[in-house]
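Student: sequence below, structure please.
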Amino acid sequence: MMRGRSDGAQKKRLLTSVCIVAVFLIFLYVFFGSKNAGVSALEYGSRSLRKLGSSYLDESSVKLGLDDGEDGVILKSFPVCDDRHSELIPCLDRNLIYQMRLNLDLSLMEHYERHCPLPERRYNCLIPPPPGYKIPIKWPKSRDEVWKANIPHTHLAHEKSDQNWMVVKGDKIHFPGGGTHFHYGADKYIASIANMLNFSNNNLNNQGRLRTVLDVGCGVASFGGYLLSSDIIAMSLAPNDVHQNQIQFALERGIPAYLGVLGTKRLPYPSRSFEFAHCSRCRIDWLQRDGILLLELDRLLRPGGYFAYSSPEAYAQDEEDLRIWREMSALVGRMCWRIAAKRNQTVIWQKPLTNDCYLEREPCTQPPLCRPDDDPDAVWGVPIKCILLPYCKFITGTYLLAKEMVVARYDHKTRGSGLAPWPARLTTPPPCLVDFGYSNEMFEKDLELWRRRVDNYWSLLSPKISSDTIRNVMDMKANLGSFAAALKDKDVWVMNVVPEDGPKTVKIVYDRGLIGTVHNWCEAFSTYPRTYDLLHAWTVFSDIERKGCSGEDLLLEMDRILRPTGFAIIRDKQPVIEFVKKYLPALHWETVATADSNSETDGDEVVIVIQKKLWLTSESFRGTD
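Tutor: Coordinates of the predicted model:
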């Protein structure tokens, strides 16, 4: 009897405790909900990082559920990462590199290259925004100012205070347009380069002939930002180095940018993609390893392309700078580059337009010419090679140039790259179409198809957007780039992503005057969290499912990349759409619209348009006070 009474009292005490905890939780919900009533926010604990290796889904929920008869997944929840991971870039995570004890050569910048975690080491959780996060300032105003709370790292402002990179003013960071070698503004610097090259009206676009630019070591990308007004698009490139947040600032500003480094691997762009490359005090040792990094630039430049180099070696007179200048001049001479202009702090070299110089080189001249079996457009994880690109024949241990092969494949003697000037280039079938089995008619049909689809997308989005809502766009499977081409009249830019294991159509993307990269969506993309306003995923989920990769991981990666209040358009088969719908509550996404295919060309594809809600952790709430 005594034991029974004790058990009853224990139950009463337990029930009372549960009621008290429930009342307390309701109080917290009401308190924070009323406090942040116009912010559309959900509160989470700030220390809810999922333990590595533990499960947040039922054991049966490991596939997309595309097989007949599968009931799909039963979702429990996605935890929220620890607040200190608010800027996590999974494949460029220094902590991961340290924990894995990778044997990397720091002098070759290997520690700034991609090193992705194994599935069991992934942070399968939602990336929280930093304290005080606000919806980004809209373009074009964002070119010149951003919210300090969104990127709370101001050390660059102090370090570069004499160079006008950025200035902290109250709750904003301002960008005067300066740089290490253009203190008085990127616009004046760009005009001076155009003047050096005798381009009309000091306009670097050279009447539409110069469209794509690679800015290596771009800082906060003011050079690329000011090129946009000249109808020039730059791929601003910098590593996640001691100046950690350069690319994050660029993307927050609405300027095209990518996290990458000239190290041991080829940059993820096809050969002959850029008309112009630029390095302003980019801290790159161009002479290392027999000039291998300069040869990577040569691979990326089109025939007749330019490399503008602003650095002490170009003008200083001390002994070390003179030595570097002499060695660099000798190297580019063997590469058949010539000085197009040299003034003050800047030298501009030009790559040859024809193959004549390569044909005239002495035997055994270094660097050697490439072998015919070397694919210059193979870039995903491919080591940089110390070679020049004209095709050659390998005979008895020596490289001999096969003139007939060069002329047949790259006849640049009269027509240069064979590309129309911008903007006609965007809709004109490029010469390389035939290499991918496309006819001009197929190209034009693809363009018209995506024009119709994009019009439909904007109709679905229209209740939620205005003309300045969307700026940074990613097409996760770009194919020929026609999705981006259909957005020409919108004030947006598009990162066109092409799968690394498919046709290398990113070459067509660049020939159309657009920019992009290759990527494997089984891994995280090289960008900071919260950097894109719109993601377009056309059959991407179906593709990774065939590879045996995780649809849940892809959803988490899309959430990481997407800005709060940003949009995702997923176009795929009906089972994929149903799979995505089951995750919307856990991701704090909401459906904007759905649409079935409305033509025979769409097949069985279905469209869902979602919007990511703004949600904040308790730490973020405190930052908004």
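
Student: tally of neighbours for Asp489?
Tutor: 6 (other Cβ atoms under 10 Å). In short, each C-beta sits where N, CA and C put it, glycine included.

Student: then Pro128?
Tutor: As a burial measure, Pro128 scores 25 neighbours (other Cβ under 10 Å).

Student: surely it meets Cys81?
Tutor: Yes: with contact defined as Cβ atoms under 8 Å, Pro128 reaches Cys81; the gap is 6.2 Å.

Student: so for Cys279, what's the nearest residue that isn't a sequence neighbour?
Tutor: Val216 (4.9 Å; Cβ to Cβ, 6 or more residues apart in numbering).

Student: what sits against the one you found?
Tutor: Neighbouring residues of Val216 by Cβ atoms under 8 Å, 6 or more residues apart in numbering: Leu237, Leu262, Ala277, His278, Cys279, Cys282, Ile284, Leu297.

Student: relative to Arg323, which of those is nearest.
Tutor: For the contacts of Val216, the minimum distance to Arg323 (Cβ to Cβ) is 16.7 Å, reached by Ile284.

Student: restricted to helices, list the contacts of Val216.
Tutor: Using DSSP state H, the members of those that fall within helices are Leu297.

Student: so the residue most central in space within the chain is in which element?
Tutor: Closest to where the C-alpha atoms of the chain average out (Cα atoms, centre = their mean) is Tyr258, at 4.1 Å. For Tyr258, the host element (DSSP states H and E) is strand 257-259.

Student: and if you look at Met235?
Tutor: strand 233-238.

Student: gap between the next helix-or-strand element following that strand and the chain center?
Tutor: Using DSSP H and E, the helix or strand that follows strand 233-238 in sequence is helix 246-253. With Cα atoms, centre = their mean, to the nearest Å as the basis, helix 246-253 stands 11 Å off its chain's centre.

Student: mind saving the C-alpha coords of helix 246-253 as PDB?
Tutor: Extracted in PDB, the C-alpha atoms of helix 246-253 (Å, rounded to 0.1, in the frame of the first residue of the first chain):
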ATOM      1  CA  GLN A 246      35.900  39.300 -50.100                       C
ATOM      2  CA  ILE A 247      33.600  37.100 -52.200                       C
ATOM      3  CA  GLN A 248      30.800  37.300 -49.600                       C
ATOM      4  CA  PHE A 249      31.000  41.100 -49.800                       C
ATOM      5  CA  ALA A 250      30.900  40.900 -53.700                       C
ATOM      6  CA  LEU A 251      27.800  38.700 -53.700                       C
ATOM      7  CA  GLU A 252      26.000  40.700 -51.000                       C
ATOM      8  CA  ARG A 253      26.600  43.700 -53.300                       C
END
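
Student: now the angle from that helix to strand 233-238?
Tutor: Interaxial angle, helix 246-253 versus strand 233-238 (axes from the mean of the first three to the mean of the last three Cα atoms, to 10 degrees): 140 degrees.

Student: elements contacting helix 246-253?
Tutor: strand 145-147, helix 222-227, strand 233-238, strand 257-259 (3 or more Cβ pairs under 8 Å, 6 or more residues apart in numbering; DSSP states H and E).

Student: redo those as a markdown table? Include mean pLDDT.
Tutor: A markdown table is the format used below for the helices and strands packed on helix 246-253 (pLDDT from 0 to 100):
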| stretch | mean pLDDT |
| --- | --- |
| strand 145-147 | 96 |
| helix 222-227 | 95 |
| strand 233-238 | 96 |
| strand 257-259 | 97 |
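
Student: export those to a markdown table and tack on distance to Tyr438?
Tutor: Rendered in a markdown table, the data for the helices and strands packed on helix 246-253 read as follows (distance: least, Cβ to Cβ, whole Å):
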| stretch | distance to Tyr438 |
| --- | --- |
| strand 145-147 | 41 |
| helix 222-227 | 30 |
| strand 233-238 | 23 |
| strand 257-259 | 26 |
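
Student: closest to Thr427 out of the ones you listed?
Tutor: Closest among those, once you apply Cβ to Cβ, is strand 233-238, at 15.9 Å.

Student: now for the closest one, which elements pack on it?
Tutor: Using 3+ Cβ pairs under 8 Å, 6+ apart, strand 233-238 sits against strand 212-216, helix 222-227, helix 246-253, strand 257-259.

Student: and the angle for the longest strand anywhere in the chain with helix 246-253?
Tutor: If you go by DSSP state E, the chain has its longest strand at strand 562-573. Orientation of strand 562-573 against helix 246-253 (the same axes, to 10 degrees) gives an angle of 80 degrees.

Student: re earlier: mind putting the helices and strands packed on strand 233-238 into CSV with distance to Met442?
Tutor: Compiled in CSV, those are given as follows (distance: least, Cβ to Cβ, whole Å):
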stretch, distance to Met442
strand 212-216, 24
helix 222-227, 32
helix 246-253, 34
strand 257-259, 29
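
Student: can you tell me which of those is nearest to Pro303?
Tutor: strand 212-216 (13.7 Å).

Student: quickly run through the sheet partners of that closest one, with directions.
Tutor: strand 233-238 (parallel), strand 274-280 (parallel) (DSSP bridges).

Student: and the contacts of the first one?
Tutor: Pointing back at strand 233-238 there. 211-219, 221, 223-224, 227, 246-247, 250, 255-261, 267, 269, 274, 278, 493, 513-515.

Student: mind running it again at 6 Å?
Tutor: Strand 233-238 has contacts (Cβ atoms under 6 Å, 6 or more residues apart in numbering) with 213-218, 221, 224, 227, 246-247, 250, 257-258, 260, 515.

Student: please apply the same query to stretch 294-310.
Tutor: In contact with stretch 294-310 (Cβ under 6 Å, 6+ apart) are residues 181, 193, 269, 271-280, 286, 335, 345-351, 353, 367, 376, 384, 386, 389, 412, 416-417.

Student: from the contacts of Val216, list the buried ones, please.
Tutor: Leu237, Leu262, Ala277, His278, Cys279, Cys282, Ile284, Leu297 (16 or more other Cβ atoms under 10 Å).

Student: where does confidence bottom out across the residues you listed?
Tutor: pLDDT across those is lowest for Cys282, at 86.

Student: mind checking pLDDT for the nearest residue in space to that residue that is not next to it in sequence?
Tutor: The shortest distance from Cys282 to any non-neighbouring residue, by Cβ to Cβ, 6+ apart, is to Gly217 (2.6 Å). Looking at Gly217, its pLDDT stands at 87.

Student: can you show me the CA trace of stretch 173-187 as PDB?
Tutor: The C-alpha trace of stretch 173-187 is given here as PDB (Å, rounded to 0.1, in the frame of the first residue of the first chain):
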ATOM      1  CA  ILE A 173      29.400  49.300 -45.000                       C
ATOM      2  CA  HIS A 174      30.000  51.600 -48.000                       C
ATOM      3  CA  PHE A 175      32.100  50.800 -51.100                       C
ATOM      4  CA  PRO A 176      33.700  53.900 -52.700                       C
ATOM      5  CA  GLY A 177      34.900  51.900 -55.600                       C
ATOM      6  CA  GLY A 178      38.600  52.000 -54.700                       C
ATOM      7  CA  GLY A 179      41.300  49.300 -54.900                       C
ATOM      8  CA  THR A 180      44.900  48.800 -54.200                       C
ATOM      9  CA  HIS A 181      45.900  50.200 -57.600                       C
ATOM     10  CA  PHE A 182      42.900  52.500 -58.200                       C
ATOM     11  CA  HIS A 183      42.400  54.500 -55.100                       C
ATOM     12  CA  TYR A 184      40.400  57.100 -57.000                       C
ATOM     13  CA  GLY A 185      37.800  54.700 -58.300                       C
ATOM     14  CA  ALA A 186      37.400  51.600 -60.500                       C
ATOM     15  CA  ASP A 187      35.500  53.600 -63.100                       C
END
